[in-house]
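Novice: What follows is a protein structure lacking sequence information:
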């Protein structure tokens, strides 16, 4: 009896970890966005990945165009204010939600949860 409870706890923990891992990566993707110019909209919505001419990339949030620079807070814990000259920007990418992948992740997660539920029912009845 003790062993079946331990297996059930392990399965539950594994299902939570698997569900969390599946939900992390499949819902969004980076797509090409038009490069900002001094004459474009002054505020850019959502996170923006900027790839500089030297190949270095940075993700900014709360992005705006000020004079000849793209200014925003660096994504992360420190949220430092960063400015990149427009002449140094090779390309920009915006983060987009992928509804088909999100639905796929939801279906896989639901199937895994159902499978875990059935497994726990079977193992609890056999003891």
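Specialist: Here it is on my side, so go on. Remember, predicted model here, so these are calculated numbers, not experimental data.

Novice: from here on, contacts and neighbour counts on C-alpha atoms
Specialist: Will do.

Novice: Give me the contact list for stretch 78-95.
Specialist: 28-37, 46-53, 60, 68-74 (Cα atoms under 8 Å, 6 or more residues apart in numbering).

Novice: Restricted to strands, list the residues you listed.
Specialist: 28-33, 48-52, 60, 69-74 (DSSP state E).

Novice: Filter the residues you listed down to the buried ones.
Specialist: Neighbour counting with 16 or more other Cα atoms under 10 Å marks 48, 49, 50, 51, 52, 60, 69, 70, 71, 72, 73, 74 as buried within those.

Novice: burial count for the residue nearest to the first one when sequence neighbours are not counted?
Specialist: Closest residue to residue 48 apart from its sequence neighbours, by Cα to Cα, 6 or more residues apart in numbering: residue 94 at 4.9 Å. Each residue near residue 94 was counted by other Cα atoms under 10 Å, and the total is 19.

Novice: quick one: residue 94 from residue 44, how far?
Specialist: Residue 94 sits 10 Å away from residue 44 when distances are taken as Cα to Cα, to the nearest Å.

Novice: just to revisit the earlier point, what about the residue nearest to residue 48, helix or strand, and which?
Specialist: strand 89-97 (DSSP states H and E).

Novice: model confidence over that strand, on average?
Specialist: Looking at strand 89-97 alone, the average pLDDT works out to 87.

Novice: ok and that strand relative to strand 69-74, angle-wise?
Specialist: Strand 89-97 runs at 40 degrees relative to strand 69-74, counting by axes from the mean of the first three to the mean of the last three Cα atoms, to 10 degrees.
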